[in-house]
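> mind looking at a prediction? Sequence and model below.
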Amino acid sequence: MSDAPLLSLGESTAEAVERALQTAYPGAARVGAVVAGHGAEQAGEQAVHGLALPAVCAEVSYVDGVTGGNVFLLPVEGARRLAATMGAEGAAETAEGAELTELELSAVGEAMNQMMSAAALATSSVLGQEVEISPPQIRVVTTEAEAAEILRASAAPHVLTVSFTVADVSARLVQLVPNAFVVRMDRALEAQTTEYTNAPLGAALRAVPVRVWAELGRSRMPAGTSLDLPTGSVVELDREVEDPVDLYVDGLHFATGRLRVAEDGSLQLEVEQVLGLGGAATAVIAPELAEDIPQADPESPTETKEV
């Protein structure tokens with residue numbers, strides 16, 4: 001499989017993070033080359049190799065069942081200079097090598113929050129749909145092993161590493177990319193150059209296992225309220241009964257459809273629309289699940305697939 005979709009994602013994200021850095025540190029942030037790797041363990045170790053430590057680490061994870069996220073690592077000296085530029089009192093006078101103060105860490109954390117938001121927006125733009133992220137976790141890592149362990153914990157199959165220079169200090173942006181994003185980008189690139197048939201996925205991607213689920217609706221509530229819900233509680237969702245159901249493929253909003261009840265009482269989803277495609281409705285299903293999916297009668301006039 002070509003790394004072109006991955007590198008395209010990395011370049012877009014790097015540019016967005018650079019713009020966010022320039023806002024906080026005008027003229028002192030530069031982006032380097034994007035490097036693609038595969039396998040969280042080996043690529044994670046390469047991503048942090050040679051980085052000056054200790055470093056401030058900002059980590060966000062993708063939500064809605066997708067494995068992956070973004071990690072930004074900025075050595076303490078660069079973090080201190082960034083904090084001074086942002087007006088953290090006393091940051092410029094702090095002795096080199098000293099630990100960051102709470103005020104400095106707070107200022108850098110705010111800048112990193114903006115970087116992570118910019119990265120998520122860039123990813124959403126490339127994929128053509130919103131990508132939700134968790135609140136950033138800000139911490140200080142002291143060893144390469146500790147930093148690499150943060151990257152390995154995601155178990156993401158693809159890793160993008162981008163080198164940054166912030167106030168003359170080398171920093172790293174690491175993107176932990178799930179298979180679902182690569183599938184989505186591969187489809188988009190193929191659509192630009194090839195007319196779709198009934199099999200838009202390249203052969204190399206057909207065996208990629210993905211999770212498929214349907215979502216009836218959502219609701220938001222404080223964490224404490226959710227923990228205190230008694231048995232028999234009624235939670236209102238953001239959908240009407242007649243609204244279509246969303247189909248997700250490994251966290252990506254892939255299609256919409258209607259729930260059906262099979263003769264054996266099981267639930268099925270009749271796909272009505274595949275997002276981003278103008279042709280007949282299709283669905284990406286992991287090969288190992290295919291044998292469990294009812295197959296449409298070739299003589300039947302319907303063009304939908306049941307999942």
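Okay, I see it.
> only C-alpha atoms from now on, for both contacts and neighbour counts.
Will do.
> residue 102: how many residues sit nearby?
For residue 102, the count of nearby residues is 10 (other C-alpha atoms under 10 Å).
> residues in contact with it?
Taking C-alpha atoms under 8 Å, 6 or more residues apart in numbering, we find residue 102 in contact with no residue.
> got it, and residue 83?
Residues 91, 104, 105, 107, 108 are the ones in contact with residue 83 under the rule C-alpha under 8 Å, 6+ apart.
> need the next SSE after the helix or strand harbouring it, C-terminal direction.
Residue 83 is part of helix 76-85, with elements assigned from DSSP states H and E. On the C-terminal side of helix 76-85, the nearest following helix or strand under DSSP H and E is helix 102-127.
> list the buried ones in that next one?
For helix 102-127, a neighbour-count test (16 or more other C-alpha atoms under 10 Å) marks 104-105, 107-109, 111-124, 126-127 as buried.
> which other residues reach stretch 218-236?
Residues outside stretch 218-236 that contact it (C-alpha under 8 Å, 6+ apart) are 237, 238, 239.
> from residue 164, how far out is residue 17?
Applying C-alpha to C-alpha, to the nearest Å, the value for residue 17 to residue 164 is 10 Å.
> with residue 233 instead?
From residue 233 over to residue 164 the distance is 50 Å, taken as C-alpha to C-alpha.
> now swap in residue 81 and tell me
With distances taken as C-alpha to C-alpha, residue 81 is found 15 Å from residue 164.
> so what touches stretch 115-129?
The contact list for stretch 115-129 (C-alpha under 8 Å, 6+ apart) reads 9, 12-14, 16-17, 20-21, 58, 60, 70, 130-133, 136, 181, 184-185, 252-253.
> got a ChimeraX select line for the buried ones in those residues?
Written as a ChimeraX command, the selection of buried residues from the contacts of stretch 115-129, which uses 16+ other C-alpha under 10 Å, is:
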select :9,12,13,14,16,17,20,21,58,60,70,131,132,133,136,181,184,185,252,253
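> please flag which of the contacts of stretch 115-129 sit within helices.
Using DSSP state H, the members of the contacts of stretch 115-129 that fall in helices are 9, 12, 13, 14, 16, 17, 20, 21, 181, 184, 185.
> from those, pick the one nearest residue 271.
Of all these, the one with the least separation from residue 271 (C-alpha to C-alpha) is residue 184, at 18.1 Å.
> could you report the neighbour count for residue 148?
So residue 148, with other C-alpha under 10 Å, has 21 neighbours.
> and it, that's in a helix?
Yes. Secondary structure assignment places residue 148 in a helix (DSSP: H, G, I helix; E, B strand; the rest coil).
> so it sits against residue 51, correct?
No. With contact taken as C-alpha atoms under 8 Å, residue 148 and residue 51 are classed as non-touching, separated by 11.2 Å.
> pretty sure residue 137 is touching residue 58, no?
Yes. In this structure residue 137 lies within contact range of residue 58 using C-alpha under 8 Å: 5.6 Å.
> need the contact list for residue 61.
Contacts for residue 61 were tallied using C-alpha under 8 Å, 6+ apart; they are 67, 68, 69, 70, 133, 134, 136.
> bridging residues for it?
Taking DSSP bridges, one finds residue 69 as the beta-bridge partners of residue 61.
> circling back: and residue 233 and residue 164? Which one has more around it.
Between residue 233 and residue 164, counted using other C-alpha under 10 Å, the more crowded position is residue 164 (24 against 8).
> if the more buried one is in a bridge, with which residues?
Legend: beta-bridge partners of residue 164 under DSSP bridges are residue 31, residue 171.
> and it, what's its pLDDT?
pLDDT, residue 164: 90.
> from residue 116, how far out is the closest residue to residue 136 other than its chain neighbours?
In this structure, residue 136 finds its nearest non-sequential neighbour in residue 60, 4.8 Å apart by C-alpha to C-alpha, 6 or more residues apart in numbering. Residue 60 sits 7 Å away from residue 116, taking C-alpha to C-alpha as the criterion.
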